[in-house]
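Student: Have a look; sequence and predicted model below, questions after that.
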Amino acid sequence: MKPFRCLICGETYMGEGPADRCPFCGVQGKNLVAAPEWINYGSIKMSDESYSDCEKALSLELNNQAFYKCAASSAETQISEAIFKRLSKQEGEHAELIAEMMGVEEPAMPQVECTKSDEENFMEAHRRESGAIKFYLEIASRAPEERVKQVFRALAEVESEHLKVSNIFR
């Protein structure tokens, strides 16, 4: 087994080869590289607009993480519980990544309400993911920093996968 690291979230994956997706943040496997090839970007210098966009994105990810955690705890089936739990973990990874890029401590997850209905929670997931995709693609298109572009393009792809899941199960 060899260590691979995600170019987006930085987490380490052990395997014979890179996975098709990062098991932590959910980005495509093309972002998993052999550990010695990994680059630690840490916090990055960014424009005021990019920093403001990151603040909004951090809030969005924390709110989505909290929503999915709530939805998992009130899920009607084991399948929906597992899906909401995984989505919550990925949104948490995204929040951690954005806070690191900004050079700030990750804020606490807020309290967010959800319903007791899987169908309604998947509909809300659909709304949340659609908004995130649109916002992240806007950030990627206007950001002057290559790292900001790279991260938000990758996160938009992950949120698109989340959108597909919400469509299948709603």
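Tutor: It's in.
Student: pLDDT wise, what is the residue of the chain most remote from its centre at?
Tutor: The centre of the chain is farthest from one residue, residue 1, which by C-alpha atoms, centre = their mean lies 26.3 Å away. Here the pLDDT value assigned to residue 1 is 92.
Student: check contacts around it.
Tutor: Neighbour list for residue 1: 14, 15, 16 [criterion: C-beta atoms under 8 Å, 6 or more residues apart in numbering]. All C-beta atoms are positioned from the backbone trio N, CA, C, and that covers glycine.
Student: Burial check on the second one, number of neighbours?
Tutor: Read it as residue 15. Residues near residue 15, counting by other C-beta atoms under 10 Å, number 12.
Student: so it bridges to which residues?
Tutor: Using DSSP bridges, the beta-bridge partners of residue 15 come out as residue 2.
Student: per-domain residue ranges of the protein.
Tutor: With domains defined by automatic domain parsing, the chain comprises 2-37, 48-169.
Student: First-to-last residue distance for the shortest one?
Tutor: Domain 2-37 has its terminal residues 13 Å apart, counting by C-alpha to C-alpha, to the nearest Å.
Student: likewise stretch 16-29?
Tutor: From its first residue to its last, stretch 16-29 covers 13 Å (C-alpha to C-alpha).
Student: Quick one: mean pLDDT over stretch 7-23.
Tutor: On average, stretch 7-23 scores 93.
Student: chain center to that stretch, what's the gap?
Tutor: Stretch 7-23 sits 15 Å away from the centroid of its parent chain (C-alpha atoms, centre = their mean, to the nearest Å).
Student: same deal with stretch 123-143?
Tutor: With C-alpha atoms, centre = their mean as the basis, the mean position of stretch 123-143 lies at 11 Å from the chain mean.
Student: Check stretch 21-38 too.
Tutor: Centroid displacement of stretch 21-38 relative to its chain, using C-alpha atoms, centre = their mean, is 14 Å.
Student: now the contacts of residue 1 in a markdown table, with distance to residue 54?
Tutor: Formatted as a markdown table, the contacts of residue 1 follow (distance: C-beta to C-beta, whole Å):
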| residue | distance to residue 54 |
| --- | --- |
| 14 | 30 |
| 15 | 31 |
| 16 | 35 |
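Student: ok, these vs residue 138, which is closest?
Tutor: residue 15 (34.4 Å; C-beta to C-beta).
Student: For the closest one, which residues are in contact?
Tutor: Residues near residue 15 by C-beta under 8 Å, 6+ apart: 1, 2, 4.
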